[in-house]
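Student: following is a predicted model, sequence given first.
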Amino acid sequence: MKLLSIEDNAELIESLRYFLDADSKIDNATTGKEGLALAARRQYDAIILDLGLPDVPGLEVCKQLRQTDIKAPILVLSGVRDSATKVTLLEAGADDYLTKPFTIAELRARIFALLRRSNFDTDRENIYLLKVGSLTLDPLSGRVERSGKIIKLRRKEFGILEYLMRNRDKIVTRAMIMDNVWEPNCSSWDGTVNVHIKRLRDQIDRPYRHKLIKTAYGLGYTISDRS
């Protein structure tokens with residue numbers, strides 16, 4: 001997957017790079033002019049566009065991208081919650097609009113949703129498929145299977161499982177899970193992670209002899225195929 005980010009928040013882009021597949025590539029432009037130049041030279045699967053750029057307004061960048069016949073889906077990031085602004089951007093050619101603050105998990109989910117809608121080629125040996133033993137998770141389709149059996153998960157359960165699988169064999173704390181799966185400034189109590197982990201285990205592990213989700217006592221959780 002090749003993404004173009006027109007965004008001057010370097011920390012956000014580094015976080016996104018960390019949570020994407022190793023074969024994914026993000027070209028980052030910190031100004032509107034630089035972003036337009038990159039989009040004209042290279043073909044991208046999706047474009048992330050910040051509304052508040054230092055030179056050219058994001059709305060104008062969006063319009064110019066479409067005027068130059070750029071077909072890649074555009075996801076706009078903004079702190080503006082006004083519905084009229086969203087409508088204007090969608091009419092200018094944007095495909096989706098994500099209001100700040102948001103989690104990296106939500107940003108990734110929006111990107112994958114746009115890729116599905118744009119018929120992104122996932123047939124070629126799905127490089128985005130996450131695997132731990134007999135468990136597979138497809139972040140593009142939202143499909144989870146173990147030993148060929150489809151497992152239906154709630155949104156938060158899916159987010160936790162994906163985060164664990166992206167950090168397989170590593171211990172992740174409850175705070176790390178909250179930071180990456182829940183919305184910023186969420187007031188959920190700490191034990192809510194334990195509740196979701198229990199539900200995950202009921203579906204992912206209970207029917208099987210070999211357990212994948214493990215508790216690191218006093219620290220957090222990990223997922224591993226190791227005995």
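Tutor: Arrived safely, thanks for sending.
Student: how does the protein divide up, domain by domain?
Tutor: Split into domains by automatic domain parsing, the chain comes to 2-117, 130-223.
Student: so the residue at minimal distance from the centre of the chain, which of the three states?
Tutor: With distances taken as CA atoms, centre = their mean, the chain has residue 108 as the residue nearest its mean C-alpha position (1.3 Å). Three-state assignment for residue 108 (DSSP: H, G, I helix; E, B strand; the rest coil): helix.
Student: do I have it right that it meets residue 20?
Tutor: Yes. In this structure, residue 108 is within contact of residue 20 by CB atoms under 8 Å, at 7.1 Å. (C-beta placed from N, C-alpha, C; glycine too.)
Student: how about the strands in the protein?
Tutor: If you assign secondary structure with DSSP state E, the strands in the chain sit at 2-6, 25-29, 46-50, 74-78, 96-99, 130-132, 135-138, 143-146, 149-150, 172-173, 213-216, 220-223.
Student: would you format the ones you listed as CSV with mean neighbour count and mean pLDDT included?
Tutor: Below are these laid out as CSV (neighbours: other CB atoms under 10 Å; pLDDT from 0 to 100):
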stretch, mean neighbour count, mean pLDDT
strand 2-6, 23, 92
strand 25-29, 18, 91
strand 46-50, 24, 94
strand 74-78, 23, 93
strand 96-99, 17, 91
strand 130-132, 17, 89
strand 135-138, 20, 91
strand 143-146, 18, 93
strand 149-150, 10, 94
strand 172-173, 17, 91
strand 213-216, 15, 94
strand 220-223, 21, 94
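Student: kindly reformat these as a markdown table containing distance to residue 113.
Tutor: Below are the strands of the chain laid out as a markdown table (distance: least, CB to CB, whole Å):
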| stretch | distance to residue 113 |
| --- | --- |
| strand 2-6 | 14 |
| strand 25-29 | 18 |
| strand 46-50 | 10 |
| strand 74-78 | 9 |
| strand 96-99 | 7 |
| strand 130-132 | 17 |
| strand 135-138 | 13 |
| strand 143-146 | 14 |
| strand 149-150 | 20 |
| strand 172-173 | 25 |
| strand 213-216 | 26 |
| strand 220-223 | 24 |
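Student: number of nearby residues for residue 82?
Tutor: Residues within reach of residue 82, counting by other CB atoms under 10 Å, total 10.
Student: and it, how close does it get to residue 97?
Tutor: According to CB to CB, to the nearest Å, residue 82 stands 11 Å off from residue 97.
Student: next: residue 35.
Tutor: As judged by CB to CB, residue 35 and residue 97 stand 17 Å apart.
Student: same question, residue 51
Tutor: Residue 51 sits 9 Å away from residue 97 when distances are taken as CB to CB.
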